[in-house]
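Asks: structure of the sequence below:
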Amino acid sequence: MFPTRLTDTRAFDIAQALLGGFDRHYRLFRAVSAEAKARFERGDWPGQQRAQALRIEFYDARVAEASALLERSFAASSLPMEVWQQVKLHYIGLLTDHHQPELAETFFNSVCTRILHHAYFHNEFIFVRPAISTEYIENDEPAALPTYRAYYPTPATLRETLARVITNFQLEGEFAHLEWDVEQILAAVQRQLGEFRWRANFQLQVLSSLFYRNKGAYVVGKIINGFSETPFALPILRREVDGRFFVDAALFGEDDLLILFSFARAYFLVDMEVPSAYVQFLRSMMPRKPRSEIYAALGLQKQGKNLFYRDFLYHLRHSSDRFRIAPGIKGMVMLVFDLPSWPFVFKVIKDFYPPQKDTSREQIQGKYLLVKSHDRVGRMADTLEYTRVAFPRHRFEEELVQELKHYCPSLIEESGDDLVIRHLYIERRMVPLNIYLQEATPEQIERAVIEYGNAIKDLVAANIFPGDMLWKNFGVTRHGKVVFYDYDEIEYLTDCNFRRVPAPRNEEEEMSGEVWWPVAPRDVFPETFGPFLLGDPRVRECFMRHHADLLDAGFWQAHKERILAGHVHDVFPYDVSRRFAPPPV
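Replies: Prediction:
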């Protein structure tokens, strides 16, 4: 119960210091995002990658700074709960006209739970629900850009308007063939809309910041005509030969946008004063995508985690099924469980592993952090990492409880009616590729095997060697994409040494069923993949037609050398068939 009076003089100062810590965080976060424009203009792809990785570390660093300041200035960890309840009330007042109130509330929670070392699910003074509405927030400063620009073309001016949409971002540099790009966009729009009646409210609404990721900058908006809304995105790329820009494709509709904003891709760098307004706009284009995933796609993954957990608690209150051991082959490193009615899986690192798994909890956590900060190129599932999560004990099948107590005793704690797991990862559920192949038609097998090989090649292009390439470590998404999700053996490609198996020196070596040649740490012999992957003749035939090069050490070594030479590969979140034709010479 909150106090009726604000009686402690320290409470307001603490609230101000907390908000100051958040404001510093978002100022730095936004600066790195805004600098993406200049990096894109000069083609600084390694710098863009470093910025994406660095930005992920910002939040925890600012939480640690704010926690240390409050402890140093106010002995915060020793203050009674009544003071913290007053701090929260003051904090709410400070957020009344704030442009990022939802993010500031999450920051408050992070700092408080860090200082007080309490299980946050028992604390009443944090923001379990949002206190400040994020509806209709807009930056009212005279020089500020609105969240989106609206354009009102006529049939006669649509071509000119499309050119303005592209050039209004004021990229420093020239377009190689802007007129041609505009003609291609215009033709794509006409194909997408087909025969339609031009309504009085026909307009293009375009978000005011470009969305930067990998080597692309994306224009994101929607076409409105009467009661019809068509989402679109236009990827702008930079030519390596002369540094000039061009529009590469036109993407339309919710499905294209869902793939662009996929959970298996790196977070965008976007310059936003009011992130909730961007999320609201994007949600109107992708109503099936949870707000938590949209916040995460914008680089605000802590806010995404917060919203995800609220959604999860809400689902628990409105469901009655029980957590169970996840179907499929059990992992040697992770214990995986799920709730059938919830489209995610929960992964807990085991306390011990079979002898062939030479690893540790710290190493495994490092692999997951590597994936979080790396460009996932649409081929590695994002994970949400949580500590001290309380589950209702009665919702667990007894078999699962016994598995957790056997394999993960150091991470399990029973507290009243709760089962508390001290550390876990949450990941979107997919159909394991090995199970998919068992039940697939010949046509589905063909598509899945091609996708599997393409997934590995995309990972190679992103400087990732997946390590364990067994089918069970890949999943199939609802869009038919194959995505990797088992990270305990991944390495940077450039840290591996790809070798051919030496020729046997005698008959004894030739007939040996064991490895008779010397193997150093991180040595990889691609030609040995076949026996583990290609036991099914149907799979083998398709794999050898499309991806036999994955069994050749030369393929891997050549990519490693290109990456070491500084090359950053193009990875497109759309099929190459969607790319515009080059202009006629």
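Asks: let me see the ranges of the strands in the stretch 151-300 of the chain.
Replies: 203-207, 211-213, 216-225, 228-238, 245-247, 251-252 (DSSP state E, counting those that start in this stretch).
Asks: can you list contacts of the fifth one?
Replies: Okay, so that is strand 245-247. With C-beta atoms under 8 Å, 6 or more residues apart in numbering as the contact definition, strand 245-247 has outside contacts at 166, 171, 173-177, 181, 184-185, 234-239, 580. Glycine gets a C-beta too; all of them are placed from N, C-alpha and C.
Asks: tabulate the strands of the stretch 151-300 of the chain (CSV), appending mean neighbour count.
Replies: Listed next are the strands of the stretch 151-300 of the chain as CSV, based on neighbours: other C-beta atoms under 10 Å:
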stretch, mean neighbour count
strand 203-207, 21
strand 211-213, 24
strand 216-225, 21
strand 228-238, 20
strand 245-247, 21
strand 251-252, 20
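Asks: which of the contacts of strand 245-247 are buried?
Replies: By neighbour count, with 16 or more other C-beta atoms under 10 Å, the contacts of strand 245-247 hold 166, 171, 175-177, 181, 184-185, 234-238, 580 as buried.
Asks: pretty sure Phe413 is touching Arg422, no?
Replies: For the record, residue 413 is Glu, not Phe. Yes. Counting by C-beta atoms under 8 Å, Glu413 sits close enough to Arg422 to count as a contact (6.8 Å).
Asks: quick check on Gly328: phi, psi?
Replies: phi 110, psi -180 (degrees, to the nearest 10).
Asks: equivalent analysis for Leu316, please.
Replies: Backbone dihedrals for Leu316, given as degrees, to the nearest 10, come out at phi -60, psi -40.
Asks: now do the phi/psi pair for Ile349.
Replies: Dihedral angles (degrees, to the nearest 10) for Ile349: phi -70, psi 130.
Asks: count of neighbours near it?
Replies: The local packing of Ile349 (other C-beta atoms under 10 Å) involves 24 other residues.
Asks: for it, give me its contacts.
Replies: With contact taken as C-beta under 8 Å, 6+ apart, Ile349 is in contact with 333-334, 361, 364-365, 408, 411, 423.
Asks: and it, how far is that from Leu94?
Replies: In this structure, Ile349 lies at 39 Å from Leu94, with C-beta to C-beta, to the nearest Å as the measure.
Asks: Pro155 now?
Replies: As defined by C-beta to C-beta, Pro155 lies at a distance of 50 Å from Leu94.
Asks: who's more crowded, those two?
Replies: Under the criterion of other C-beta under 10 Å, the comparison of Pro155 against Leu94 puts Leu94 first, with 17 against 8.
Asks: report the longest helix in this structure, please.
Replies: In terms of residue count, the longest helix belonging to the chain (DSSP state H) is helix 45-74.
Asks: check contacts around Phe474.
Replies: Applying C-beta under 8 Å, 6+ apart, one finds that Phe474 lies in contact with 432-433, 452, 455, 482-485.
Asks: make a markdown table from those and add pLDDT, distance to Gly221 and secondary structure to it.
Replies: Supplementary listing: the contacts of Phe474 in a markdown table, determined by pLDDT from 0 to 100; distance: C-beta to C-beta, whole Å; DSSP: H, G, I helix; E, B strand; the rest coil:
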| residue | pLDDT | distance to Gly221 | secondary structure |
| --- | --- | --- | --- |
| Pro432 | 93 | 37 | strand |
| Leu433 | 94 | 35 | helix |
| Tyr452 | 95 | 34 | helix |
| Ala455 | 94 | 30 | helix |
| Val482 | 94 | 30 | strand |
| Val483 | 94 | 28 | strand |
| Phe484 | 94 | 32 | strand |
| Tyr485 | 92 | 32 | coil |
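Asks: those residues into JSON lines, with extra columns for neighbour count and distance to Ser133?
Replies: Listed next are the contacts of Phe474 as JSON lines, based on neighbours: other C-beta atoms under 10 Å; distance: C-beta to C-beta, whole Å:
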{"residue": "Pro432", "neighbour count": "21", "distance to Ser133": "42"}
{"residue": "Leu433", "neighbour count": "25", "distance to Ser133": "43"}
{"residue": "Tyr452", "neighbour count": "25", "distance to Ser133": "46"}
{"residue": "Ala455", "neighbour count": "23", "distance to Ser133": "42"}
{"residue": "Val482", "neighbour count": "26", "distance to Ser133": "41"}
{"residue": "Val483", "neighbour count": "24", "distance to Ser133": "36"}
{"residue": "Phe484", "neighbour count": "26", "distance to Ser133": "39"}
{"residue": "Tyr485", "neighbour count": "24", "distance to Ser133": "36"}
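Asks: in CSV: these, plus distance to Asn139.
Replies: Rendered in CSV, the data for these read as follows (distance: C-beta to C-beta, whole Å):
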residue, distance to Asn139
Pro432, 46
Leu433, 46
Tyr452, 46
Ala455, 41
Val482, 41
Val483, 37
Phe484, 40
Tyr485, 39
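Asks: show me the shaky parts of the stretch 401-550 of the chain.
Replies: 505-517 (pLDDT under 70).
Asks: ok, which stretches of it are helices?
Replies: 433-439, 442-461, 507-511, 530-533, 537-547 (DSSP state H, counting those that start in this stretch).
Asks: contacts for the second one?
Replies: Outside of helix 442-461, the residues within contact range by C-beta under 8 Å, 6+ apart are 377-380, 433, 436-437, 440, 465-466, 469, 471, 474, 476, 480-484, 493, 538-539, 542-543, 546-547, 550, 556, 559, 569, 571.
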